[in-house]
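Peer 1: I'll drop the sequence and a predicted model, then ask my questions.
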Amino acid sequence: MCRIYNELKLLYDPLFLVISNRFSNQLEKFDWEELSLLLRTYSYQRYNEPEIVKSIHDHIENKSLDKLDVNSAVSMYSSLSYLEYLSPSVKRKLETVFMKSSDKLYIFDECVKLESVLDVAYSNLLIDAPSINDIEIVLSCVHRIANGCKSEELGINFLRKFTVVVSYIKCLHMELYNKLDDGTRERIMDILMKYNEHKRFESTIFVEKVSEHLKRMRIGCDVNIYKNGVSLDIVEKDQNLVWLCNSYHRFYATTFNMTANSKLVTKLIRAFGYKVAVINYYQWGRMKCKRTRFAFLRMARYYALKDKREYDPKYSGWSLPYIWWNYTARDRLHISHYDHYNP
């Protein structure tokens with residue numbers, strides 16, 4: 001059943017909550033391949049809250065990995081990273097299965113496929129604050145891909161993800177990228193030249209609505225632009241500003257928490273030199289009045305372009321009461337002002 005949901009890309013979190021409640025305490029019945037499939041399915045569902053994810057993490061940490069094959073280890077490594085459950089101890093333990101450390105770069109087993117090597121590199125970028133050791137793993141993956149692949153055989157998804165990895169290193173860790181030898185960097189550029197994605201994907205209604213409002217405000221913008229493998233929802237023509245229209249697929253299931261991949265994309269867009277204005281679908285849907293949406297866009301644009309104060313990104317949604325037209329001084333009174341107040 002998990003394979004069917006993965007192949008058809010169906011999202012239905014109530015079913016996987018039932019699976020979690022049923023099997024989270026019975027992991028001994030599953031072999032490593034089945035546990036890998038479960039983790040991969042939960043990462044496709046973007047569902048990191050169920051108890052079974054934590055149970056599998058603890059199972060990996062406490063059990064011996066002698067019978068774990070390389071492909072399952074890489075799959076678990078990637079899935080836990082997507083779900084933000086890859087702790088340092090489990091990370092090091094899984095890495096011993098498919099690679100070894102050396103003087104300069106990490107050496108992967110010969111049976112590890114290039115797609116799996118790229119998954120390992122991308123998983124290390126999904127960490128909130130990757131260490132120098134994590135970046136060296138990424139460099140080792142890039143070195144292995146550059147010296148072991150034929151660019152004619154690479155698919156568009158592989159090229160897009162590889163472009164994201166190289167863009168991250170070149171924008172945020174240029175000094176480490178320069179440590180690669182000239183031949184490796186030339187082969188990396190040859191692979192990147194194959195990536196020429198000009199196809200514009202069909203836009204969402206949410207993105208079209210926001211761009212329509214911006215055009216009514218006399219703000220020129222382009223929709224669905226791809227740059228260095230990253231999708232930019234709306235890019236203004238006169239300002240280095242990107243509007244991110246965050247739909248449900250950029251959040252974990254049943255929560256309003258951004259996925260690790262969404263956080264990585266936002267970090268990369270800022271590294272490209274753009275400023276970012278974020279609009280979440282659950283906020284946009286609450287604004288029924290047309291002029292409220294225009295006021296919201298003006299406020300978001302002002303904070304993105306001109307406001308220099310530092311704020312916690314968790315509270316960067318600009319709470320809606322400040323632009324409600326019926327917001328009066330009475331609503332700003334503390335509750336202790338009223339009669340019969342009992343603290």
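Peer 2: Structure received. Residues are numbered from 1 along each chain as shown.

Peer 1: Look up how far S36 lies from D182.
Peer 2: 39 Å (Cβ to Cβ, to the nearest Å). The way it works is simple: take the backbone N, C-alpha and C, and place the C-beta from them, glycine included.

Peer 1: more crowded one of those two?
Peer 2: S36 (23 against 7; other Cβ atoms under 10 Å).

Peer 1: Could you tell me which residues make contact with that one?
Peer 2: The neighbourhood of S36, defined by Cβ atoms under 8 Å, 6 or more residues apart in numbering, consists of N71, S72, S75, M76, S79.

Peer 1: Just read off the phi/psi values of it.
Peer 2: With angles defined as degrees, to the nearest 10, S36 sits at phi -60, psi -40.

Peer 1: Look up how far N48 lies from it.
Peer 2: To N48, S36 is 16 Å away according to Cβ to Cβ.

Peer 1: which regions of the stretch 101-250 of the chain lie under the pLDDT threshold?
Peer 2: Residues of the stretch 101-250 of the chain that meet the criterion pLDDT under 70 lie in 103, 151-152, 196-201.

Peer 1: just the helices in it please.
Peer 2: 114-125, 132-148, 156-172, 174-177, 182-194, 205-216 (DSSP state H, counting those that start in this stretch).

Peer 1: and the first one, which residues are buried?
Peer 2: In this case it means helix 114-125. Neighbour-count burial for helix 114-125 flags L114, S116, V117, L118, D119, V120, A121, Y122, S123, N124, L125 (criterion: 16 or more other Cβ atoms under 10 Å).

Peer 1: now, which of the contacts of S36 sits nearest A295?
Peer 2: Closest approach to A295 among these (Cβ to Cβ): S79, at 41.7 Å.

Peer 1: That closest one: how many residues sit nearby?
Peer 2: Count around S79 with other Cβ under 10 Å applied: 25.

Peer 1: Tell me which residues touch it, please.
Peer 2: The contact partners of S79, by Cβ under 8 Å, 6+ apart, come to S36, L39, R40, Y42, S43.

Peer 1: Can you lay out those residues as TSV showing distance to Y226, pLDDT and secondary structure?
Peer 2: Converted to TSV, the contacts of S79 look like this (distance: Cβ to Cβ, whole Å; pLDDT from 0 to 100; DSSP: H, G, I helix; E, B strand; the rest coil):
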residue	distance to Y226	pLDDT	secondary structure
S36	31	90	helix
L39	29	90	helix
R40	26	91	helix
Y42	28	90	helix
S43	24	92	helix
